[in-house]
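Trainee: fold the following for me, if possible:
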Amino acid sequence: MSIISVEHVLVDKAVIQAFFSCDLSMCRGACCVEGELGAPVSPVEAGELETLAEELRDRLSEHHLRFLRRHGALERYRGELYTRTIDGGACVFAFEREGVTLCAIEDAQLAGRMTTGKPVSCRLFPIRVRKKFGLDYLVYEQHAMCRHARSEGTAREVPLVDFLQPVLEERYGAAWYQRLKDLSANSPMTHA
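Mentor: Residues are numbered from 1 along each chain as shown. Predicted coordinates:
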């Protein structure tokens, strides 16, 4: 594992070497269903997420709404906050449309019904933000559910950092993103 420093952020080289292009019609939104825990959330996001159940009642199933009302939106694991999952599967904010699992928060935001967006960790996926030496440390998680996204990204030559440009810029700024891009231009790309 090789780490580079981009200003105040540590980045695993796999992040700048990977190709990625998600196609929901292929993965069917598996990232909202698979995994042991829900999405990691920040304390600021946590405050917003706990109040969303009623605002999303037209998008969520009655089962998800009952679960949210009874258990809340969040759980703590090893000191960190995560969205709850239902029976270790779907995120409490997940719903299905035409066989694809989607995020009710994002769907409501895109429809102009709310300003709260889905957690940054969801938008950054498959990059995860960890901590190392007190700094953000970006790592690329390669999951089987994203196999098609890796092969599609490779075929279309879409670097992972380009695929995630809007959220990377939102989190770290346009100047930081450009520096990351400059470093990635000098790094050999890996293929799926």
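
Trainee: care to break the protein down by domain?
Mentor: Residue ranges for the domains of the chain, per automatic domain parsing: 1-20+126-192, 29-121.

Trainee: how far off centre is the shortest one?
Mentor: Okay, so that is domain 1-20+126-192. 13 Å (Cα atoms, centre = their mean, to the nearest Å).

Trainee: low-confidence ranges in the chain?
Mentor: Scanning the chain with the threshold set as pLDDT under 70 gives 1, 187-192.

Trainee: grab the most central residue of it for me.
Mentor: residue 122 (2.0 Å; Cα atoms, centre = their mean).

Trainee: what residues does that residue make contact with?
Mentor: By Cβ atoms under 8 Å, 6 or more residues apart in numbering, the contact list for residue 122 reads 31-32, 39, 103, 106. Glycine gets a C-beta too; all of them are placed from N, C-alpha and C.

Trainee: so can I have JSON lines of those residues showing neighbour count and secondary structure?
Mentor: Formatted as JSON lines, these follow (neighbours: other Cβ atoms under 10 Å; DSSP: H, G, I helix; E, B strand; the rest coil):
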{"residue": "31", "neighbour count": "23", "secondary structure": "helix"}
{"residue": "32", "neighbour count": "28", "secondary structure": "helix"}
{"residue": "39", "neighbour count": "26", "secondary structure": "coil"}
{"residue": "103", "neighbour count": "25", "secondary structure": "strand"}
{"residue": "106", "neighbour count": "18", "secondary structure": "helix"}
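
Trainee: related to what we said a few turns ago, keeping just the C-alphas, turn the helix or strand hosting the residue nearest to the centre of the chain into PDB.
Mentor: Assigned by DSSP states H and E, residue 122 belongs to helix 120-124. Coordinates of the C-alpha atoms in helix 120-124 are reproduced here as PDB (Å, rounded to 0.1, in the frame of the first residue of the first chain):
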ATOM      1  CA  VAL A 120     -21.100  12.300   2.000                       C
ATOM      2  CA  SER A 121     -19.800   8.800   2.500                       C
ATOM      3  CA  CYS A 122     -22.600   7.500   0.200                       C
ATOM      4  CA  ARG A 123     -21.700  10.000  -2.500                       C
ATOM      5  CA  LEU A 124     -18.000   9.300  -2.200                       C
END
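
Trainee: past it, which element shows up next along the chain?
Mentor: Per DSSP H and E, the first helix or strand lying C-terminal to helix 120-124 is strand 127-132.

Trainee: list the buried residues in the helix or strand following that following strand.
Mentor: Toward the C-terminus, strand 127-132 is succeeded by strand 135-140 as the next helix or strand (DSSP H and E). Within strand 135-140, the residues that qualify as buried are 137-140, counting by 16 or more other Cβ atoms under 10 Å.
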